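Provide a 3D model corresponding to the input given below.
(one chain, ligands or ions: 3)
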Amino acid sequence: MGRVVVIDHPLAQAILTTLRDKNTKQIEFRKGLVRLGRLMGYEIVKSMDIETVEVETPLGVKAKGVRIRDLDHVVIIQVLRAAMPLVEGLVKIFANARMGVVSARRVEESHKPGSLDFDIEITYVKVPKILEDDILIVADPMLATGSTITSVLKHVLKYGIPKRTIIASVIATKYGIERVLRDYPFAEIYTVSIDPEINEKGYIVPGLGDAGDRAFGGP
Ligand SMILES: O=P(O)(O)OC[C@H]1O[C@H](OP(=O)(O)OP(=O)(O)O)[C@H](O)[C@@H]1O
Ligand SMILES: O=c1cc[nH]c(=O)[nH]1
Ligand SMILES: [Mg+2]
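Numbers count the residues shown, from 1 in each chain. Ligands and ions are numbered 1, 2, ... in the order given. Presented below is the predicted three-dimensional model:
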């Protein structure tokens, strides 16, 4: 069942503020995305099923604890290229995840007057088999028009239907979210902010600029 989670933890909001700042340089920008990936991982874990277990400590006594079974069933897909640092953070939490990549590009020339949407060129897809117990996390820091993520999901879900489908984004828009949930009503969108606008070039406003260019130093 679809839902939207805005991570309002002050640390996440502070890191996002650094990312938005035009004076933040490449290395700090990438580090910020890594840190947000880790925080997003914590937030996603909060929604996972937990079972109670018992272990024996070196003192020979029993201690009650928990096990998060879902941690063994995570599949992470990174959308090249801007998702790479975000995924570096996510795998610190989901160390055992099976992983895949999709290379997607917004075709800037496809932007038509009167429509926000872009055609998406997908040039490489490598996705592991997705099983019914899996939690699928598709990472892409920017969810602007939703053109990219809807195209990516179309490809990825051919590899199997998971128990949950999570989009891990940093900034989303209302337009993009509605588009994703219209096509994939079961999707769960995690984000740090929902920004109010998309400009005529398809950039989120106020946004943070071009995430790929800022993380990797140019187009
Ligand atoms: O919701 P949308 O309107 O589709 O926009 C979001 C996409 O735009 C950017 O990709 P871009 O094509 O710039 O590739 P890059 O990550 O390599 O820079 C970003 O990384 C998202 O994938
Ligand atoms: O604002 C935006 C929109 C899409 N992709 C980006 O990198 N930034
Ligand atoms: Mg880009």
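
strands of this protein, start to end?
Listed in chain order, the strands of the chain (DSSP state E) span 3-6, 51-56, 62-67, 74-80, 98-107, 119-126, 135-139, 142-143, 164-168, 171-173, 188-191, 193-195, 197-198, 204-205.

for the fifth one, buried residues please.
Yep, that's strand 98-107 we're talking about. Going by neighbour count (16 or more other Cβ atoms under 10 Å), the buried part of strand 98-107 is 98-102, 104, 106. From N, CA and C alone the C-beta is placed, and that goes for glycine too.

which ones are touching Tyr42?
Contacts for Tyr42 (Cβ atoms under 8 Å, 6 or more residues apart in numbering) come out as Ile93.

report pLDDT for it.
Model confidence at Tyr42, given as pLDDT, is 98.

and Leu116, by the same measure?
Note for Leu116: predicted pLDDT of 87.

from Ala104, how far out is it?
Separation of Leu116 from Ala104 (Cβ to Cβ, to the nearest Å): 17 Å.

residues contacting the residue nearest the centre of the chain?
The residue lying closest to the centre of the chain (Cα atoms, centre = their mean) is Ala168, at 1.9 Å. Residues near Ala168 by Cβ under 8 Å, 6+ apart: 37, 40, 44, 86, 90, 137-140, 190.

farthest pair in the residues you listed?
Farthest pair in the contacts of Ala168 (Cβ to Cβ) is Ile44 and Asp140. Separation: 14.9 Å.

closest residue of the protein to ligand 3?
Proximity of the chain to ligand 3 (Cβ to the ion) peaks at Gly212, 3.4 Å away.

now that residue: closest residue in space, sequence neighbours ignored.
Using Cβ to Cβ, 6 or more residues apart in numbering and skipping the chain neighbours, the partner closest in space to Gly212 is Ala82 (4.2 Å).

quick one: pLDDT of the one you found?
In this model, Ala82 carries a pLDDT of 95.

the longest helix along the chain vs strand 164-168, what angle?
Using DSSP state H, we find that the single longest helix of the chain is helix 26-45. Following axes from the mean of the first three to the mean of the last three Cα atoms, to 10 degrees, one obtains 150 degrees for the angle between helix 26-45 and strand 164-168.

got the buried residues for helix 26-45?
By 16+ other Cβ under 10 Å, the buried positions in helix 26-45 come out as 29-41, 43-44.

distance from that helix to the middle of the chain?
Put simply, helix 26-45 sits 10 Å off its chain's centre (Cα atoms, centre = their mean, to the nearest Å).

show me which residues of the chain are close to ligand 2?
82, 142, 144, 202-204, 207, 210-212 (Cβ under 6 Å from any ligand atom).
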